[in-house]
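Asker: predicted model and sequence follow; I will ask about them next.
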Amino acid sequence: GALSRMEREPIRVRALVMTIGLDLPKQIMNAQTKARKLENIKKEDVGGVGYPVMEICGL
């Protein structure tokens with residue numbers, strides 16, 4: 001019944017949190033790499049194309 005469903009719920013939530021928790025460092029690293037690439041575009045790009053790219057990416 002409802003009780004067994006309530007008991008199962010926290011385990012599923014905990015599993016989800018663990019999955020997100022493990023994936024988070026990877027996401028942060030990806031974000032940092034992306035930011036570094038955009039910075040390089042900004043520095044190299046004299047014509048000013050880097051700025052619209054950053055606008056599109058929402059940075």
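Answerer: That came in fine, so what should we check first?

Asker: state the distance from M18 to L38.
Answerer: Counting by CB to CB, to the nearest Å, the gap from M18 to L38 is 31 Å. Placement of C-beta: from N, CA and C, glycine included.

Asker: can you pull out the helices in the protein?
Answerer: Using DSSP state H, the helices found in the chain span residues 2-44, 50-57.

Asker: mean pLDDT lowest for which of these?
Answerer: Ranked by mean pLDDT, the helices of the chain bottom out at helix 50-57, which scores a mean of 63.

Asker: hmm, back to that, who's more crowded, M18 and L38?
Answerer: Set M18 next to L38 and count neighbours by other CB atoms under 10 Å: L38 wins out with 15 against 10.

Asker: any idea how far A31 is from that one?
Answerer: 11 Å.

Asker: and what of I11?
Answerer: Going from I11 to A31 by CB to CB gives 30 Å.

Asker: what do you get for K37?
Answerer: 11 Å.

Asker: now the common contact residues for those two.
Answerer: The contact sets of K37 and A31 do not overlap (CB atoms under 8 Å, 6 or more residues apart in numbering).

Asker: residues near A35, how many?
Answerer: 13.

Asker: just the CA trace of stretch 22-34, in PDB.
Answerer: Provided in PDB are the C-alpha atoms of stretch 22-34 (Å, rounded to 0.1, in the frame of the first residue of the first chain):
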ATOM      1  CA  LEU A  22      28.900  12.100  -8.900                       C
ATOM      2  CA  ASP A  23      28.200  13.800 -12.200                       C
ATOM      3  CA  LEU A  24      28.600  17.300 -10.800                       C
ATOM      4  CA  PRO A  25      32.400  17.500 -10.900                       C
ATOM      5  CA  LYS A  26      32.300  16.400 -14.500                       C
ATOM      6  CA  GLN A  27      29.800  19.200 -15.300                       C
ATOM      7  CA  ILE A  28      31.900  21.800 -13.500                       C
ATOM      8  CA  MET A  29      35.000  20.700 -15.500                       C
ATOM      9  CA  ASN A  30      33.100  20.900 -18.700                       C
ATOM     10  CA  ALA A  31      31.800  24.400 -17.900                       C
ATOM     11  CA  GLN A  32      35.400  25.500 -17.000                       C
ATOM     12  CA  THR A  33      36.700  24.100 -20.200                       C
ATOM     13  CA  LYS A  34      34.000  25.800 -22.200                       C
END
